[in-house]
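Enquirer: I need the structure of the sequence given here:
(one chain, ligands or ions: 1)
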Amino acid sequence: MANPDGEKLLDRVTTPQQLRQLSMDELAQLADELRERIIEVVSRRGGHLASNLGVAELTIALHYVFDFSRDHLLWDVGHQCYAHKILTGRGSQFDNLRQAGGLSGFPSPSESPYDPFATGHAGTAISTAAGLAWADKAANRDAKSVAVVGDASIVNGLSMEGVNNAAMLRRQFLIVLNDNSMAIDRTAGAMAQALDRIRMTHTYNQLKQSTEHLLRHLPMGQEISEALRNLASGLRTTLHGGQIFEALGITYFGPIDGHDIGELIRVLKRLAAFNQPAILHVHTEKGRGAQYAVEDPCRFHSPSAYSVDANGDAVFAKRTNATWTEVFSEALLEAADADERVVAITAAMPDGTGLTAFRDKYPSRYIDVGISESHAVAMAAGLARAGLRPVVAVYSTFMQRAIDQAFQELALQKLPVVLCLDRAGLVGSDGAVHHGFADIAYLRPLPGMTLMAPADAAEMRACLKRALSLEGPTAIRYPRDVVPAGLPGPCPPFEHARSRVLCEGDAATLLCYGATCEPAMAAAKELRRDDGLAVAVVNARFAKPLDEEEISRRIALGSPVVVCEDHAVVGGLGSAVLELAAAQGLSAANVRLLGIGDEFVAHASRAQQLSQVSLDAASIAATLRGLLGRKADPARKSVQGNT
Ligand SMILES: Cc1ncc(C[n+]2csc(CCOP(=O)(O)OP(=O)(O)O)c2C)c(N)n1
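Expert: Modelled structure (predicted):
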């Protein structure tokens, strides 16, 4: 798409002001160049691909019409902000997307004033935009607010709460509904069906005429008159997908073709001057510009690095070790084969949480509730009350949306629901918005809750089996990683509040939980080999209830006990250990806590992040050397002692 001199528009268009100088043809070319750039970088770095490819024209049109150095642009979730980043002065850094020290894969106010919020969780854009709009109105500022929300995220409870309230704003407030008929997988639920019906029953021309008609009659800059409300309501009978919003007082426009840049600009210009809450329904194609992504938008929602072969097919590097997600997927199938009461629930993430095999084998026992984690957990309570054994597979970070349901609907009712918390701990390049750093802290206070973590594939099976045999709620956590080779010896069953000693030693104890068992074992091996130190490694298995006998015995020995956990130090397993020591009147002067400090860990590879918080084998060994007076303790920055 370069001109004869080989110059690309993207070489000279680096800000929204510059793109406003371009012709419509050049803007269309700019969209293609943005897609090429995104494909080129994501194929090397990994990241969100298909959603970003779909919004190139929409991003350009928004920046063409609005001035987001003053107006507010909120991308819901924020995973589709790559073109926005490139066009707001960050193009030269785009090469280092999601790398340590490079650009975040999500909006980030520390990078640019064009990003009002750091985001990554679905459903927040309408609410934060409403807050900004409310404050602008109160201060008499003439700034406009735009929230871009996907068709899967608009059904999120938070989005709906935002819609409910934003409808009351008597001023400009635009929601752009970016409808590509996909969440990560196909969208699920009644709203998805309603949007599908619009797509199937109306041609763009028909819709264009209706929208045209409505736009022509809008009293720009004034309160909408009763007559025009009636006109809008007349159109509603044809545009039935918009009824839900119109009934709330949010005027509905569209759907329009989200790849027709001229049309987008024309409609957005009119809507920028519309002094009432409005929703513009835009159809886009997820993956546009990369055939492999159009054909498999789920696979290319957030791919790892890949190359493209001579046939134009994407090729991924082969992995040798299974991931935790894959191991969970197999363990769940085994459990479901053995017990027909087992049902599985996902909140729009069948692939990410390892439920696709379950969905294929047991479609009638599989439920995708859409991006609705709170509903997923409350619904699981209902299923459990009816005698089923629900397993909710959810990322640790998104489970935060359902803490209240874990409290009231699960723990208080003592219901046997199993929460399988994938991506627990540091998650790598998705960064601060996605770390599962707090699940022990938010679940441990709940009476009757059992918390477990497996340390290898055999433990995953044993742990899930145990969880499904309990009469109360359970959470199992495991990281975004490959599963380590098996622990030494056969895997004993998970018994109530019993830890597993992985190796003995009298110099110190490493008390580990799930993911930290492997680096702790490697550290113990290194210390034995290089320093002649015999260090015990104990796999806690349970963060609740603790193996009180074993842990207090180790503390009472007086040699260092280092708790290693891929979780915040505040409120984690280590805190539970200190509580135990206090309850038993034991001195905990020899206890140290290794985990994620009181900070948001930035994007980098998971290995880099683990090393940053001193949870890799070398740092654990260095910590012990420091405690045992061998050498300096380079990991002291994230070691929190209790003394
Ligand atoms: C609360 C929450 N749950 C789950 C996710 C994981 N997630 C990221 S993007 C996505 C799909 C979003 O679909 P949609 O809003 O339609 O946007 P699209 O990717 O299709 O543009 C999901 C489920 C999330 N970010 N936040």
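Enquirer: Burial check on the closest residue to G242 other than its chain neighbours, number of neighbours?
Expert: Nearest in space to G242, with sequence neighbours left out and distances taken as C-beta to C-beta, 6 or more residues apart in numbering, is Y252 at 2.8 Å. (Each C-beta comes from the backbone N, C-alpha and C, glycine too.) The local packing count at Y252 equals 26, with neighbours defined by other C-beta atoms under 10 Å.
Enquirer: try R319
Expert: Counted with other C-beta under 10 Å, residues neighbouring R319 total 10.
Enquirer: same thing with R266?
Expert: If we define neighbours as other C-beta under 10 Å, then R266 has 16 of them.
Enquirer: OK, contacts around it?
Expert: Contacts here follow C-beta atoms under 8 Å, 6 or more residues apart in numbering; on that basis R266 touches nothing.
Enquirer: Now do the SS call for the residue nearest to G242.
Expert: Following DSSP: H, G, I helix; E, B strand; the rest coil, Y252 is assigned to strand.
Enquirer: ok, it to I279 distance?
Expert: Summarising the geometry, the distance separating Y252 from I279, computed by C-beta to C-beta, to the nearest Å, is 5 Å.
Enquirer: Nearest residue to A188 in space, ignoring adjacent ones along the chain?
Expert: Nearest one to A188, counting by C-beta to C-beta, 6+ apart, is D368 at 4.3 Å.
Enquirer: coming back round to it: which residues do Y252 and I279 both contact?
Expert: Jointly contacting Y252 and I279 under the rule C-beta under 8 Å, 6+ apart are G242, F245.
Enquirer: Could you give the separation of stretch 247-261 from the chain centroid?
Expert: 27 Å (C-alpha atoms, centre = their mean, to the nearest Å).
Enquirer: Tell me the buried residues in it?
Expert: Buried residues in stretch 247-261, counted by 16 or more other C-beta atoms under 10 Å: 248, 250-261.
Enquirer: ok, I38 - contacts?
Expert: Under the criterion of C-beta under 8 Å, 6+ apart, the contact list for I38 reads L49, N52, L53, A56, Y82, A83, I86.
Enquirer: Could you list the contact residues of the protein toward the ligand?
Expert: Counting by C-beta under 6 Å from any ligand atom, the residues of the chain close to the ligand are 51, 77, 79-80, 120-122, 150-153, 178, 180, 182-184, 286, 347-349, 371, 373, 398, 401.
Enquirer: Which members of the residues you listed occur in helices, if any?
Expert: Residues of those located in helices (DSSP state H): S51, E373, F398.
Enquirer: before we move on, the earlier item: how close does the residue nearest to G242 sit to L195?
Expert: According to C-beta to C-beta, Y252 stands 12 Å off from L195.
Enquirer: burial count for the residue of the chain found nearest the ligand?
Expert: The chain approaches the ligand most closely through G150 (2.1 Å), counting by C-beta to the nearest ligand atom. Applying other C-beta under 10 Å, we find 30 other residues in the vicinity of G150.
Enquirer: And the pLDDT at the residue nearest to A188?
Expert: What the model reports for D368 is a pLDDT of 97.
Enquirer: Return the subset of the contacts of I38 lying in helices.
Expert: Among those, the members falling in helices are N52, L53, A56, Y82, A83 (criterion: DSSP H).
Enquirer: could these be laid out in TSV, adding pLDDT?
Expert: As requested, the ones in helices among the contacts of I38 are arranged in TSV below (pLDDT from 0 to 100):
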residue	pLDDT
N52	98
L53	98
A56	98
Y82	98
A83	98
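Enquirer: Make TSV out of these and add neighbour count.
Expert: As requested, the ones in helices among the contacts of I38 are exported to TSV (neighbours: other C-beta atoms under 10 Å):
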residue	neighbour count
N52	29
L53	29
A56	30
Y82	28
A83	27
